[in-house]
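[1] give me a model of this one.
(chains A and B)
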Amino acid sequence: MSEDQELVRQGDVDTAPVQIGERRGMFGATKGADTTGYGGLQAPILFPGAAERPYGSYFDAIVDTLAAALDRADNGTAKGSGSSGAAYAAAVERVVVDRGELTLFVRREHLPAVARALRDDPALRFEMCLSVSGVHYPQEAGRELHAVYHLTSLTHGGRRLRLEVTAPEGDAHIPSVVATWPGADWHERETWDMFGIIFDGHPSLTRILMPDDWPGHPQRKDYPLGGIPVEYKGGTVPPPDQRRAYN
Amino acid sequence: MSTHIDHTTYQDREVLEGDDVYAAGEPDAPTFTVSGGDWGDLVDEATALHEERIVVNMGPQHPSTHGVLRLILELDGESVTEARAGIGYLHTGIEKNMEFRTWVQGVTLCTRMDYLTPMFQEAAYCLAIEKLLGITDDIPERATIIRVLMMELTRINSHLVCLGTGGMEMGATTVMTVGFRERERILRVFEAVSGLRMNMAYIRPGGVAQDLPEGALDQIAAIIPELRAGLHELEMLLKENPLLKGRTVGVGYLDLTGCVALGITGPVLRSTGLPHDLRKSNPYCGYETYDFEVITRTGCDAYDRLMIRITEMYESLKIVEQTLERLRRVEGPVMVADKKIAWPAQLAIGSDGQGNSLDHIREIMGTSMEALIHHFKLVTEGFRVPPGQAYAAVESPKGELGVHLVSDGGTRPYRAHFRDPSFNNLQAVAAMCEGGMVADVIVAVASIDPVMGGVDR
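    Got it, this is the predicted structure:
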């Protein structure tokens, strides 16, 4: 285990915050002329970057055990590279520790193997996939769609772990984890319904909340909220997405 | 069922306007054709299938499916060979709407998801915001105690409705009337404290909307013995009732393996003997300092889930008593001290029934221009939350209620996702019902206690 740890620790971790978009102006008014004088302001939206060792809490143990488990699984196959830490480095692109929560960014093609290891390794035992939630970052080129998995381990007293997997909008495919966690079935269907992420290998990826023939995926950022203006005492209140707002 | 239709007979006839239709049988009478599309395939398929096979849509409008739940049942005689749940009939796009409102306004939206457990959505949502803001430890103690008090009362409220409607679905009307009678006592407390009986939006980011009104503690203390007596009555009606036991024992069976595989939490999981309760395993709001038991049973069936709910209500009453004792002791604010987050005024219900704070109005309109600006900015623009994501979970009466919030540093949630326990638990319908009788489907679904407002959001 200590060897693995050393290898996993090798290499410089780029801890710079990750830019997921850009904010323009100060008040977010997109309708009508900008009279504030702040319209030219631009500010990057920075998400917490990769974390450095030690991660703290039980997070180090999880990452180390996962690396060892992935290696074992990798060495079992014919194309296994044999070197320790390689399978982990290939699967996990970033480890983020933020606000007391551990997030592993997993490359999508490695998701099934990571999920299987997380569930089956006795020292990990994340038996439950609590939810799959989509997030749409239209400004993050090449990784617009994120699927976020929240796992919990009953065996280890309610440990929590978040997996985040990204896919480009043009190729919105992510392998399904239903084979590992059957409970993810409806959650993946909801994420398909709302974000249009196609979970490959899902037994019946159909819409779940919207009608079967609904066009589009309503929770994407480019999908309008809809609504009609409301007249009240001679004034007109525009629908929420067309009001002047503060972003 | 004789289903053979010789559709080829009609194939080449012309379809005419309705005006030109004459009685069939006349030599030259025009005829409407029923061919076209895949009609022929459907007919062939129906003939090929077993005659006893019936697919029944139970719901979405059905008195015993707990709201607009659609159950698609394939029946062989009275046995269910396949059961599927269809949902989405109450989808209201709350999560999407939250992206267009400030963080504080989101409370008003999420309280409407599972309308029987409003306090839990509010609490989970506010805990997630507080985690994002990094002010979890700054929440005043009194606010946290009030949150626990309100959550536990809500738990009793939700369980009472579950038992009441569940009983009614099995034909026990008295269970329903007793359940709703007892629930009314709790709703009166909610009304006295927040002004509303449901959808209170009482728990806010940073604390609670306002302190308990004068006399609220005495009012709550007074209903506890009444509730206990009512719960006892309910327990006596149900516990050893041979009719009820005949309907529920061994029905809706789902063991630990099934529960874990399907991600089931709450009373359904605890009916398999696993004492998993977030209040103990991942404590929030100071639950680790309260004295209560996690109730488990080992029957894995509808009867045990029902009994667990009854016992849990007694445990909740124990917690409520402890919060009352603490609230008499702990004074202080009920909102975080940071004036960039805290609502500008402690509003109270005035004699005119409106929420107002005359002191505050006097200050912002008469003495302090800055206070007026601050009020205006905070109420219309809202506060900003640093970028990142957080997940907060509470043990709702139905299981783990999780909130995944993403902030882009703005005044509105970038994404809010609610992991509603009913949504997840409804996946167990197939496992619980297939192979059983139609009548048991009702009992099994009632033992999951889904609320469609939460399922569909």
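[2] and whichever residue of chain A sits closest to chain B, how many neighbours?
    Closest residue of chain A to chain B, Cβ to the nearest Cβ: A:G183 (2.9 Å). Glycine gets a C-beta too; all of them are placed from N, C-alpha and C. Residues within reach of A:G183, counting by other Cβ atoms under 10 Å in any protein chain shown, total 27.
[3] how much space between it and B:T296?
    Counting by Cβ to Cβ, to the nearest Å, the separation of A:G183 from B:T296 is 20 Å.
[4] for the residue of chain A closest to chain B, which non-adjacent residue is spatially closest?
    Closest residue in space to A:G183, ignoring its immediate chain neighbours: B:G263 at 2.9 Å, by Cβ to Cβ, 6 or more residues apart in numbering or on different chains.
[5] what residues are up against the residue in chain B that chain A sits nearest to?
    Using Cβ to the nearest Cβ, B:G263 is the residue of chain B that sits closest to chain A, at 2.9 Å. By Cβ atoms under 8 Å, 6 or more residues apart in numbering or on different chains, B:G263 lies in contact with A:M128, A:C129, A:L130, A:W181, A:G183, A:A184, B:N424, B:Q427.
[6] could you rerun that using 7 Å?
    A:M128, A:C129, A:L130, A:W181, A:G183, B:N424 (Cβ atoms under 7 Å, 6 or more residues apart in numbering or on different chains).
[7] go ahead and report the secondary structure state at B:L401.
    Assigned with DSSP: H, G, I helix; E, B strand; the rest coil, B:L401 falls in the strand class.
[8] could you give the bridge partners of it?
    B:V394 (DSSP bridges).
[9] if we can go back for a sec, unless I'm mixing things up, the residue of chain A closest to chain B is touching A:E127, no?
    No. Using Cβ atoms under 7 Å, A:G183 is not in contact with A:E127; the gap is 9.7 Å.
[10] now the strands for chain B?
    Along chain B, counting by DSSP state E, strands occupy B:53-58, B:70-76, B:79-86, B:203-204, B:207-208, B:348-349, B:355-356, B:388-396, B:399-407, B:415-419.
[11] now do the first one: which elements does it pack against?
    For strand B:53-58, the elements it packs on are strand B:70-76, judged by 3 or more Cβ pairs under 7 Å, 6 or more residues apart in numbering or on different chains; DSSP states H and E.
[12] just for the stretch 201-350 of chain B, where's the confidence low?
    Counting by pLDDT under 70, the ranges of the stretch 201-350 of chain B that qualify are B:345-350.
[13] recalculate using a threshold of 80.
    B:343-350 (pLDDT under 80).
[14] what's the neighbour count on A:H217?
    21.
[15] again with A:E52
    Around A:E52 there are 13 other residues, counting by other Cβ under 10 Å.
[16] so what's it up against?
    A:V13, A:T15.
[17] now it, what's its secondary structure?
    Secondary structure of A:E52, per three-state DSSP, is coil.
[18] quick one: it from A:A16, how far?
    Plainly put, A:E52 is 12 Å away from A:A16 if you go by Cβ to Cβ.
[19] before we move on, what about A:V237?
    With Cβ to Cβ as the criterion, A:V237 and A:A16 are 43 Å apart.
[20] next: B:C162.
    Distance of B:C162 to A:A16, computed by Cβ to Cβ: 50 Å.
[21] for stretch A:109-118, buried residues please.
    A:H110, A:L111, A:P112, A:A113, A:V114, A:A115, A:R116, A:A117, A:L118 (16 or more other Cβ atoms under 10 Å in any protein chain shown).
[22] so how many other residues sit close to the nearest residue to the fourth one once chain neighbours are set aside?
    Which is A:A113. Spatial nearest neighbour of A:A113, excluding adjacent residues (Cβ to Cβ, 6+ apart): A:A73 at 6.1 Å. Applying other Cβ under 10 Å, we find 17 residues neighbouring A:A73.
[23] A:A73 contacts A:A115, correct?
    No. Assessed by Cβ under 7 Å, A:A73 is found out of contact with A:A115, at 11.5 Å.
[24] need the strands of chain B in JSON lines (columns: mean neighbour count).
    As requested, these are exported to JSON lines (neighbours: other Cβ atoms under 10 Å in any protein chain shown):
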{"stretch": "strand B:53-58", "mean neighbour count": "14"}
{"stretch": "strand B:70-76", "mean neighbour count": "17"}
{"stretch": "strand B:79-86", "mean neighbour count": "18"}
{"stretch": "strand B:203-204", "mean neighbour count": "26"}
{"stretch": "strand B:207-208", "mean neighbour count": "27"}
{"stretch": "strand B:348-349", "mean neighbour count": "15"}
{"stretch": "strand B:355-356", "mean neighbour count": "14"}
{"stretch": "strand B:388-396", "mean neighbour count": "25"}
{"stretch": "strand B:399-407", "mean neighbour count": "27"}
{"stretch": "strand B:415-419", "mean neighbour count": "25"}
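[25] alright, calling it a day.
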